[in-house]
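>>> Show me the folded form of this:
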Amino acid sequence: MRGWWREIAGLVLPVACGGCGRPRTELCPPCRAQLTGPEPRRVRPFPEPAGLPVVHAAAPYADAVRSVLLAHKERGALWLARPLGSALAGAVEAAAGRSDGPGAGPLLLVPVPSSRRSVRARGHDPTRRVALAAAGRLRRRGRAARVIPVLRQRRAVADQSGLGASGRFANVAGALEIVAGGARLLERGRVVLVDDLMTTGASLTEAARALSAVHPTFTPGLIGGAAERGFVRPTAAVVACSPSSFDINRN
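Okay, here's the model as predicted:
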């Protein structure tokens, strides 16, 4: 209910730029350029955890990008889901590659789930909202895409923001599972895990583990025609990650 009122308020009340605070604009051109101007890139945290999918990000988590993500996530600036979704759509396309390659089909965006407690506290699920905006953007570009929220938390986890790297991995290890019936949905297209932000890679690594628990994963092209019928190892896309992850380029 609170999220609904926030969305109505955003339609009728003056807003300020989510990146710099400039009045009467949702997102000014310079801040939008920081979010959606760069080409999405493959990013890798250091150290890179075993089991982390190949991740593409739209922008470094700094300056206006950081402000926009926090305004949407923590302060209920729901109108920012649109530009954030545009940025995520670009990262999804970079992660998924060609639309006619192995595992071709609709893009299936699988959001990393938020805890019920954080959704209640914020009044909305920010990652899912941005994923829905990204899927809409992809469809308008002519690429079939849908959001399938098949991951859920099987146990309570602490807030990751207050934990160090080792604590984050311990916090989410074994915490996710696939909902009933979700395995069948994963066979209907090209799976891309999505999140708003990657820091250590703990959440995306756990999400990939949960997906692999219900399907054998393989690299496209190594099992002949099976790649056209089976489950392709997921890739991942995020709006932002730490600037150091952009700086690391290990081919």
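>>> Give me the below-cutoff pLDDT ranges for the stretch 101-250 of the chain.
101-104, 158-171, 173-174, 215-233, 248-250 (pLDDT under 70).
>>> hey, where'd the helices end up in it?
Taking DSSP state H, counting those that start in this stretch to define them, one finds helices in the stretch 101-250 of the chain at 116-122, 126-140, 165-172, 182-185, 202-212, 243-247.
>>> any idea how far the first one is from the chain center?
Think helix 116-122. 18 Å (C-alpha atoms, centre = their mean, to the nearest Å).
>>> Please apply the same query to the shortest one.
In terms of C-alpha atoms, centre = their mean, the centre of helix 182-185 is found 19 Å from the chain centre.
>>> what's it in contact with?
Residues from elsewhere that reach helix 182-185 (C-beta atoms under 8 Å, 6 or more residues apart in numbering): L108, I148, V150, L151, V214, H215. Bear in mind the C-beta positions are built from the backbone N, C-alpha and C, glycine included.
>>> coming back round to it: tell me which of the helices of the stretch 101-250 of the chain lies nearest to A50.
Closest approach to A50 among these (C-beta to C-beta): helix 202-212, 7.7 Å.
>>> Please tell me how far R22 sits from R143.
33 Å (C-beta to C-beta, to the nearest Å).
>>> Ok, R44 next?
On the measure of C-beta to C-beta, R44 and R143 end up 26 Å apart.
>>> export the helices of the stretch 101-250 of the chain to a markdown table and tack on mean neighbour count and distance to A59?
What follows is the helices of the stretch 101-250 of the chain, written out as a markdown table (neighbours: other C-beta atoms under 10 Å; distance: least, C-beta to C-beta, whole Å):
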| stretch | mean neighbour count | distance to A59 |
| --- | --- | --- |
| helix 116-122 | 14 | 22 |
| helix 126-140 | 23 | 13 |
| helix 165-172 | 17 | 22 |
| helix 182-185 | 15 | 30 |
| helix 202-212 | 23 | 17 |
| helix 243-247 | 16 | 9 |
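>>> Kindly reformat the ones you listed as CSV containing distance to P53.
Listed next are the helices of the stretch 101-250 of the chain as CSV, based on distance: least, C-beta to C-beta, whole Å:
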stretch, distance to P53
helix 116-122, 23
helix 126-140, 16
helix 165-172, 15
helix 182-185, 17
helix 202-212, 5
helix 243-247, 14
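>>> so which of the ones you listed comes closest to A33?
Nearest of the helices of the stretch 101-250 of the chain (C-beta to C-beta): helix 243-247, 16.2 Å.
>>> for that closest one, packing partners?
strand 41-43, strand 55-60 (3 or more C-beta pairs under 8 Å, 6 or more residues apart in numbering; DSSP states H and E).
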